[in-house]
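> got a sequence here, can you build the structure:
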Amino acid sequence: MTSSDIKQIPILDLSPEIDELWDDLNAAIQRVMRSGHFIMGPDVLAFEQEVAAYLGVKHAVGMNSGTDALIIGLRSLGIGPGDEVITTPFTFFATAESISSVGATPVFADIDPATYNIDPARIREQITPRTRAIMPVHLYGNPCAMDEIMAIAEEHGLLVIEDCAQSFGARYGGRQTGTIGHVGAYSFFPSKNLGAFGDGGLLATDDDRVAELARMLRAHGSRKKYHNEMLGYNSRLDTIQAAILRVKLPHIDRWNEGRRRVAATYSEVLKDLGGVAIPKVGEGHVFHQYTIRLTTADRDGVQHLLEQQGVGTMVYYPVPQDCLPVYAGEQRPCPVSVTLAQQVLSLPIGSVLPETDQVRVCQTLTYAMSMHVNSSAKLSDSPRST
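Below is the predicted model:
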């Protein structure tokens, strides 16, 4: 049997969701094509109203990416050169990049190894007279400890910008992530729990002034076309993407529940597998990723064996932000995030993942772990499916 004969289980398969909504998605795309309103068409305003109602927030402002939502959120809150923003080192670069892009300085506070999220105790250690804001990231769809973070912010007069790129639909204390701080920034990158068919983003806020500034900044700094008042961005959400998101939005809670079921199966099967630390499941987790830690095995070796057996995995993230060349050596080390970057491995997840595939992922992982300690094992002994 060759590797091409093995049934592949990708890290994410969007085809079940697309197949389910095929006719509705085609109708929405064709409606936009026939309207000719490709920029800021009626579907954009309708989506903003619908998503604001879903999130329970006063304003939802569509943008062309989650990164722009972070940048415009920071600028709308008045954060810029000379300011410091405390954030996690353990996430995608766009988080720190957005802070640096507005001229502020990202300050990294280490993470809680149980949740992979920023540790509130470490936030307190990093506060200085220049600190203006905290940017928590609800990594993998797991809400941060927002009660503690908001208490710190209130105590020190800080703003909070929630990075919700991976947490659409996640709840904390009954509230949607992104609606607890002063601004929430969401991404609709295709692989997200609510994903477009291209780039897309959203800023959520209850603050009228912040919303007005955000709407100006996304449109070249203008309230009225050709009457620009400040330097802004070309960051409008495409009408076609808004129309696609309108079709998908009503299904997000059901899809997130499907992800939770897959995660529950993984956790039940893997909880006693030696050398594997399963994720701590907090309230409202939506499992954008199901990420384990391999505490004793060679993570990269295990990942390679899984790949040979047709099981797709990813490492989110192999290099913490503070260790990237752009920031390396500038700040206090974050040893927990450095350790986890060498251990984490994300398994296939989605709203629909057949039970047979879930079982095979767990069996193959168990096999790969055994291969790590028993190099005499043969690939022909491995659990394969065609």
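
> quick one, strands of the stretch 201-350 of the chain?
With DSSP state E, counting those that start in this stretch, the ranges of strands along the stretch 201-350 of the chain come out as 201-205, 222-224, 227-228, 276-277, 290-294, 344-347.

> closest one to Asn256 among those?
When those are compared by C-beta to C-beta, strand 290-294 sits nearest Asn256, at 12.8 Å. Quick note: C-beta positions are derived from backbone N, CA and C, even for glycine.

> show me the strands in the stretch 51-200 of the chain, by range?
Using DSSP E, counting those that start in this stretch, strands in the stretch 51-200 of the chain cover 59-63, 84-87, 105-108, 131-135, 159-163, 171-172, 175-176, 183-187.

> dump these to CSV, plus distance to Tyr327.
Output for those, formatted as CSV (distance: least, C-beta to C-beta, whole Å):
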stretch, distance to Tyr327
strand 59-63, 25
strand 84-87, 11
strand 105-108, 7
strand 131-135, 15
strand 159-163, 17
strand 171-172, 29
strand 175-176, 31
strand 183-187, 20
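
> and Val352, how far from Gly312?
Distance of Val352 to Gly312, given as C-beta to C-beta, to the nearest Å: 15 Å.

> just Met371 next, same as before
Met371 sits 18 Å away from Gly312, taking C-beta to C-beta as the criterion.

> between these two, who's got more neighbours?
Each of Met371 and Gly312 has its neighbours counted (other C-beta atoms under 10 Å); Met371 has more, 22 against 17.

> which helix or which strand is home to that one?
Met371 is part of helix 355-373 when elements are defined by DSSP states H and E.

> in stretch 122-132, which residues are buried?
Arg122, Ile123, Gln126, Ile127, Thr131, Arg132 (16 or more other C-beta atoms under 10 Å).

> tell me the gap between that stretch and the middle of its chain.
Remark: stretch 122-132 is offset 24 Å from the chain centroid, using C-alpha atoms, centre = their mean, to the nearest Å.

> between the strands of the stretch 51-200 of the chain, which one is closest to Asn193.
Using C-beta to C-beta, these put strand 183-187 closest to Asn193, at 10.0 Å.

> and the closest one, how far out from the chain middle?
10 Å.

> restrict it to CA atoms and write it as CSV.
C-alpha atoms of strand 183-187 as CSV (Å, rounded to 0.1, in the frame of the first residue of the first chain):
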residue,chain,number,x,y,z
VAL,A,183,-13.5,46.6,21.3
GLY,A,184,-13.8,43.1,19.8
ALA,A,185,-11.9,42.2,16.5
TYR,A,186,-13.0,39.1,14.5
SER,A,187,-11.6,37.4,11.4
